[in-house]
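A.B. asks: Turn this into a structure:
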Amino acid sequence: VICGLGIVRKVFELMDPDIVTDMLFNDGDTVRKGEIIAKVSGSAQKILTGERVALNFLQRLSGIATATKAAVDAVKGAGTRIADTRKTTPGLRILEKYAVKTGGGSNHRYNLSDGVLIKDNHIKAAGGIREAVNLARKNMPHTLKIEVEVENSAQIMEALECGVDIIMLDNMDIIQMSEAVKLINGKALTEASGNMGEKDLAAV
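C.D. replies: Prediction:
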């Protein structure tokens, strides 16, 4: 899945406005090995100076888009969305999140202020899920959602009693996830997280 053609064009534009880039595909298109993606003409010196930068962006973003598409295809028809992580390459967050969207995935959070995510360290510091949620509600705008990371059924029940919006099943195996989803029973949005690249996404 190709992604980053606009950046390729911009790189050569910055090198020399007289360089002509002819894109033969659009971002989101599927290409096969050996197909010509773009043609670039102009000063050989300027083209070669910008070539590696353009290719590095194109390869990285296309790799993300392609991996995302494979994950999206793996859960097709399951009523499940593939979402990205906030842990992106420094300086490349907007581009990498764009690549996820290009591959058919969804963006999770762009930054910490996009939602309240209560993790295990917050729960320990606050003294429990209920305490952490109450503290968050006192200090957050009413427009944000609260997501809580859980590791067992007791934590799930506590999160449900607090009326959180999203429950993240962290590093659970398939059996644990299955039991957790039954317990949640649609009372909150359910998110599975933790080493998903190593798991059978269809089973998840």
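
A.B. asks: This structure: helices as residue ranges?
C.D. replies: 5-15, 44-74, 93-102, 120-126, 129-139, 153-161, 174-184 (DSSP state H).

A.B. asks: export those helices to TSV and tack on distance to H108?
C.D. replies: For glycine as for every other residue, the C-beta is placed from the backbone atoms N, C-alpha and C. What follows is these, written out as TSV (distance: least, CB to CB, whole Å):
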stretch	distance to H108
helix 5-15	23
helix 44-74	12
helix 93-102	9
helix 120-126	17
helix 129-139	18
helix 153-161	18
helix 174-184	18
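
A.B. asks: can you tell which of those is closest to K145?
C.D. replies: helix 129-139 (10.6 Å; CB to CB).

A.B. asks: Identify the residues contacting R81.
C.D. replies: By CB atoms under 8 Å, 6 or more residues apart in numbering, the contact set of R81 is 105-106.

A.B. asks: From L183, how far out is it?
C.D. replies: 21 Å (CB to CB, to the nearest Å).

A.B. asks: now the spatially most central residue of the chain: how far from R93?
C.D. replies: The chain has D84 as the residue nearest its centroid, 1.2 Å off, counting by CA atoms, centre = their mean. Applying CB to CB, the value for D84 to R93 is 10 Å.

A.B. asks: Likewise for E179?
C.D. replies: The value you get for E179 to R93, if CB to CB is used, is 35 Å.
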